[in-house]
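Visitor: Got a predicted structure here, sequence first:
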Amino acid sequence: PASVRVPPPAPRRPEAALPTIYAITPTYSRPVQKAELTRLANTFRQVARLHWILVEDAAARSELVSRFVAGAGLPCTHLHVPTPRRYKRPGLPRATEQRNAGLAWLRQRHQHLPPQQPGVLFFADDDNTYSLELFQEMRTTRKVSVWPVGLVGGRRYERPVVENGKVVGWYTGWRADRPFAIDMAGFAVSLQVILSHPKAVFKRRGSQPGMQESDFLKQITTVEELEPKANNCTKVLVWHTRTEKVNLANEPKYHLDTVNIEV
Ligand code: UGA
Ligand code: MN
């Protein structure tokens with residue numbers, strides 16, 4: 001009988017082929033911090049191959065965030081860098097140093113890993129709301145992908161305007177002159193682009209309010225090159241929610257509780 005050569009079965013490890021999604025989250029100590037991080041972890045835990053880079057705006061890692069990371073149930077890297085005092089003023093961009101620390105970690109880590117590891121980077125502020133579908137969309141980013149963001153810019157949403165599969169403009173009500181009129185939550189970048197543009201960072205010098213995204217994106221891409229996601233940018237899969245400041249008017253200064261509780 002003729003021997004039939006049966007090819008070996010294809011490896012059935014679909015997850016191993018998925019590009020890793022790196023989410024860089026700047027975070028700072030305030031009464032709602034643990035609640036925000038809990039909400040985020042509950043989302044991120046459901047996403048395959050997500051690596052969370054949490055960057056504390058602090059001179060040292062806090063106990064609260066350290067404990068949280070240890071129990072988060074997903075791969076985490078916990079970094080910290082303080083924002084210099086002179087930059088902690090209303091009207092100035094936030095989290096510049098923290099996002100740059102995340103970028104530096106990512107670039108450094110991939111000096112030691114085999115080249116061509118597929119990956120996607122995304123800036124995930126700790127107070128936004130992320131649908132799981134968003135991660136499916138960004139996972140296929142080749143260079144830089146974009147999508148609408150809900151509840152931002154003084155409108156129900158902002159979005160890239162797409163014609164024939166290309167971004168040709170921006171639907172926005174705020175500073176329409178921005179080269180990339182998009183919120184931090186509205187784009188993802190492939191790891192390859194991050195590694196091949198080692199100098200691309202967020203800049204303090206000369207940066208105006210609302211221009212951080214444009215200043216960063218123009219270092220690595222062009223509007224023509226952007227890849228529209230979320231059904232040609234017609235679906236809102238992330239919301240720029242903001243958490244109201246907590247009322248602590250009745251928090252005691254004396255006669256404290258008999259136990260010390262982390263909130
Ligand atoms: C908007 C944009 O959506 C942000 O991406 C941008 O960083 C920010 O403006 C800005 O002003 O630079 P907004 O909701 O106004 O966002 O800002 P926050 O959510 O208060 O801060 C953005 C991120 O930075 C959050 O993850 C927050 O935890 C972190 N942050 C904020 C710090 O790490 N330190 C701070 O002192 C303040
Ligand atoms: Mn926010």
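Guide: Alright, I've got the coordinates. Residues are numbered from 1 along each chain as shown. Ligands and ions are numbered 1, 2, ... in the order given.

Visitor: who are the neighbours of the helix or strand hosting residue 37, in terms of helices and strands?
Guide: Following DSSP states H and E, one finds residue 37 within helix 33-44. For helix 33-44, the packing partners by 3 or more CB pairs under 8 Å, 6 or more residues apart in numbering; DSSP states H and E come out as strand 20-27, strand 50-56, helix 63-70, strand 129-130. (C-beta placed from N, C-alpha, C; glycine too.)

Visitor: got those as JSON lines, with distance to ligand 1 and mean neighbour count columns?
Guide: Output for the helices and strands packed on helix 33-44, formatted as JSON lines (distance: least, CB to the nearest ligand atom, whole Å; neighbours: other CB atoms under 10 Å):
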{"stretch": "strand 20-27", "distance to ligand 1": "4", "mean neighbour count": "24"}
{"stretch": "strand 50-56", "distance to ligand 1": "7", "mean neighbour count": "23"}
{"stretch": "helix 63-70", "distance to ligand 1": "11", "mean neighbour count": "15"}
{"stretch": "strand 129-130", "distance to ligand 1": "12", "mean neighbour count": "18"}
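
Visitor: Including mean pLDDT, could those go into CSV?
Guide: CSV is the format used below for these (pLDDT from 0 to 100):
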stretch, mean pLDDT
strand 20-27, 98
strand 50-56, 98
helix 63-70, 98
strand 129-130, 98
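
Visitor: Throw the ones you listed into TSV and include distance to ligand 2, thanks.
Guide: Converted to TSV, the helices and strands packed on helix 33-44 look like this (distance: least, CB to the ion, whole Å):
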stretch	distance to ligand 2
strand 20-27	10
strand 50-56	15
helix 63-70	18
strand 129-130	10
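
Visitor: can I get these in JSON lines with distance to residue 234?
Guide: Formatted as JSON lines, those follow (distance: least, CB to CB, whole Å):
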{"stretch": "strand 20-27", "distance to residue 234": "22"}
{"stretch": "strand 50-56", "distance to residue 234": "25"}
{"stretch": "helix 63-70", "distance to residue 234": "36"}
{"stretch": "strand 129-130", "distance to residue 234": "18"}
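
Visitor: burial count for the residue in the stretch 151-263 of the chain positioned nearest to ligand 2?
Guide: Using CB to the ion, residue 242 is the residue of the stretch 151-263 of the chain that sits closest to ligand 2, at 5.0 Å. Counted with other CB atoms under 10 Å, the neighbours of residue 242 add up to 11.

Visitor: ok, now the one 10 residues further on?
Guide: Counted with other CB under 10 Å, the neighbours of residue 252 add up to 7.

Visitor: pull the CA atoms of the helix holding residue 37 into CSV?
Guide: Output of helix 33-44 as CSV, limited to C-alpha atoms (Å, rounded to 0.1, in the frame of the first residue of the first chain):
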residue,chain,number,x,y,z
GLN,A,33,-8.2,56.1,41.9
LYS,A,34,-8.8,52.5,43.1
ALA,A,35,-12.4,52.6,41.7
GLU,A,36,-11.1,53.8,38.3
LEU,A,37,-8.3,51.1,38.2
THR,A,38,-10.9,48.4,39.2
ARG,A,39,-13.1,49.4,36.3
LEU,A,40,-10.2,49.3,33.9
ALA,A,41,-8.9,46.0,35.1
ASN,A,42,-12.3,44.4,34.8
THR,A,43,-12.3,45.4,31.1
PHE,A,44,-8.7,44.6,30.4
